[in-house]
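Asks: no sequence for this one, just the structure:
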């Protein structure tokens, strides 16, 4: 049994090396190459996923001046998706469960959106601080609330992704550590439970990558 339940999220515990952060780039191996004349089934699947994401992001952005942003957001979705799935394999470090990675992804996007919005659409950004129909007496409070909610956006994005990854992995680790003290019948039940949780974590890996990218798209649409 582990000395610390959270030690599975420490990069230095897995094989005692700092090279575990390279697991972030292992997912690039699974991206199908475009060097073949006849596309494979995996490349066709990826193209369908990317085209559907492109249509959704394009509708949310809805600005002809921001063409090409969907490529950046699809790349963000792919990076988070591969990192989440890599963490489900044994002896592979889960980089998306750390605030270092999630905040590194969320903070630059938020800063770039704020700089672009305040420099190009200042009046529009000021109008967002006071919702329409707000009474005059509540306007100062609404400005404070909207400013605080805008500032904490990168933190909520980062915490949402890392917390969901940590919660599922902790549950799998906690149940797995109890296997040595169980009977044969209980071990069979434990294995079935672990498989069901693994399927649930696979769904969470897809959902969280989609939520992160779609919220980033919604934040970018507010500056136009």
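Replies: Cool, got the structure. Nothing here was measured: the structure is a model prediction, and the numbers come from that model. Numbers count the residues shown, from 1 in each chain.

Asks: show me what contacts residue 197?
Replies: For residue 197, the contact set (CB atoms under 8 Å, 6 or more residues apart in numbering) comprises 168, 171, 172, 175. (Glycine included, C-beta is placed from N, CA and C.)

Asks: Can you tell me which of those is nearest residue 131?
Replies: The nearest member of these to residue 131, counting by CB to CB, is residue 168 at 36.2 Å.

Asks: so what's that closest one up against?
Replies: Residues near residue 168 by CB under 8 Å, 6+ apart: 197, 200, 201, 204.

Asks: Which among those count as buried?
Replies: Judged by neighbour count, with 16 or more other CB atoms under 10 Å as the criterion, the buried members of the contacts of residue 168 are 197, 201, 204.

Asks: Would you mind confirming that the last one is in contact with residue 166?
Replies: Right, residue 204. No - applying CB atoms under 8 Å, one finds residue 204 not in contact with residue 166, separated by 11.2 Å.

Asks: buried stuff in the lengthiest helix in the chain?
Replies: Taking DSSP state H as the criterion, the chain has its longest helix at helix 184-221. Under the neighbour-count criterion of 16+ other CB under 10 Å, helix 184-221 has 197, 201, 204-205, 208-209, 211-217, 219-221 buried.

Asks: Okay, residue 160 and residue 70: tell me how far apart.
Replies: From residue 160 over to residue 70 the distance is 22 Å, taken as CB to CB, to the nearest Å.

Asks: any idea which helix or strand comes after the lowest-mean-pLDDT helix or strand in the chain?
Replies: The helix or strand of the chain with the lowest confidence, counting by mean pLDDT, DSSP states H and E, is helix 122-128 at a mean of 80. Using DSSP states H and E, the next helix or strand after helix 122-128 towards the C-terminus is helix 139-151.
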